[in-house]
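Q: Need the 3D shape of this:
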Amino acid sequence: MLSAITWNVDPVLIHLGGLEIRWYGLLWAIGLYVCWVMNKRMYKRENCPPEWIDQLFIWIAAGAIIGARLGHCLFYEWHNDLGELSIFGWDITYRNPYIENPLLILKIWEGGLASHGGAIGIILAAWLLNKKKFSRYPQFKTSWLWILDRLCIGVCVTGALIRLGNLMNSEIYGGPTSLPWGFIFVNGDVNKDIPCHPTQIYEIMYLMVALAVTMPLYWKTQARRREGLLLGIFLLIVFGTRFGLEFIKNDQEAFEANHLLNMGQILSIPFVILSIYLIIRAYRRPLLPVVDKQPESLEKKYKKNDKKRS
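A: This is a model prediction of the structure:
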């Protein structure tokens, strides 16, 4: 039996002159593409307007990336080595360079994305998308929850690939362990010489569990007609497990040390509460209607748009 696994993977996939293509960025892109393909199949099954999926991809990708970046900058970048700042006689020990200089947020190539921020960004993007775009088709009774019920299934795969990217970067891993599958993260930030929990792999596993639960519920049951149910189940599995997993993970920032709960756990609690509310709400409301056939006028419109695009 292995005593430990030495992990010394180069986070850069390929060098093209002065340009680096990293595993993390590539896996992010693949994850978004897979999510788009999965949702395309679901939208086709439910006879949705074909342009919806393209709009969905643009809005959700933007929401995920912007939300993840803002989440990292606002939730995690608090430091006590920037010097004390006094405002109206109130001494501030922990300061945030991204709040003091918002232009730093644009330097996304320097790294820093937070999954909780990405989740918030996706929810807001779905709400705006339904309000601004999808509401033009009143015959399809959609809502932001309807969008997220289908989207969360593909997000399971996207999230798993992003965590694989974290593994390739040797980042966001756990504390020391004596278990035989412990990883020695040679390129890590802390505990480089001792086996640690590969929490990236643990997170991939619970995301695959979420996929194994939500996908059959959508394709083989009436769960897709219970608005908010699939999203609630997804949030409960992902953020409920994330809350527990944080106990064995290293703190991402120094300000989290010696606190009862770290930032990841604090941010997970609202999502767990929301998940329980959504599941209860879904069973208290009537089933959504099924759109079996597109109106003839819409079919002609779609065919006309398809000819223009070709």
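Q: Give the rounded mean pLDDT of stretch 233-241.
A: Looking at stretch 233-241 alone, the average pLDDT works out to 97.
Q: Just give me how far stretch 25-36 sits from the chain centre.
A: Using CA atoms, centre = their mean, to the nearest Å, we find the averaged C-alpha position of stretch 25-36 to lie 11 Å away from the chain's own average C-alpha position.
Q: buried set for it?
A: Counting neighbours by 16 or more other CB atoms under 10 Å, one finds that the buried residues in stretch 25-36 are Leu27, Trp28, Ile30, Gly31, Leu32, Tyr33, Val34, Cys35, Trp36. (Each C-beta comes from the backbone N, C-alpha and C, glycine too.)
Q: Now do the strand or helix carrying Ile184, average pLDDT.
A: In the assignment (DSSP states H and E), Ile184 maps to strand 183-185. The predicted model assigns strand 183-185 a mean pLDDT of 96.
Q: Kindly report the same for stretch 99-119.
A: For stretch 99-119, the mean pLDDT works out to 87.
Q: Over to stretch 152-168?
A: The predicted confidence, averaged over stretch 152-168, sits at 96.
Q: what distance separates it from the centre of its chain?
A: Mean-position distance between stretch 152-168 and its chain equals 8 Å (CA atoms, centre = their mean).
Q: Please apply the same query to stretch 273-282.
A: The chain centroid and the centroid of stretch 273-282 are separated by 19 Å, computed with CA atoms, centre = their mean.
Q: Repeat that for stretch 38-50.
A: Going by CA atoms, centre = their mean, where stretch 38-50 is centred and where its chain is centred differ by 22 Å.
Q: again with stretch 175-188
A: Using CA atoms, centre = their mean, the distance between the centre of stretch 175-188 and that of its chain works out at 25 Å.
Q: Quick one: neighbours of Ile233, just the number.
A: Ile233 is surrounded by 21 other residues when neighbours are defined as other CB atoms under 10 Å.
Q: hang on, it packs against Leu274?
A: No: the criterion here is CB atoms under 8 Å, and Ile233 misses it with Leu274 at 11.9 Å.
Q: ok, then the element right after the helix or strand containing Leu207?
A: Secondary structure here is read from DSSP H and E; on that basis Leu207 sits in helix 199-220. Counting by DSSP H and E, the next helix or strand C-terminal to helix 199-220 is helix 229-245.
Q: For the stretch 51-200 of the chain, which segments count as strands?
A: Along the stretch 51-200 of the chain, the segments classed as strands by DSSP state E, counting those that start in this stretch run 85-87, 90-92, 183-185.
Q: returning to what we had before: which other helices and strands contact the strand holding Ile184?
A: With contacts defined as 3 or more CB pairs under 8 Å, 6 or more residues apart in numbering; DSSP states H and E, the secondary structure elements packing on strand 183-185 are strand 5-7.
Q: C-terminal to the strand it packs on, what's the next element?
A: In the C-terminal direction, the helix or strand that comes right after strand 5-7 (DSSP H and E) is strand 12-16.
Q: Is Glu246 in contact with Ile269, as I believe?
A: No: Glu246 sits out of contact with Ile269 when judged by CB under 8 Å, with a separation of 11.0 Å.
Q: With neighbour numbers in mind, choose between the two.
A: Set side by side, Glu246 and Ile269 give different neighbour counts by other CB under 10 Å, the larger being at Glu246 (22 against 13).
Q: and the gap between the more buried one and Leu145?
A: The gap separating Glu246 from Leu145 is 27 Å, by CB to CB, to the nearest Å.
Q: and if you look at Asn166?
A: Distance of Asn166 to Leu145, given as CB to CB: 29 Å.
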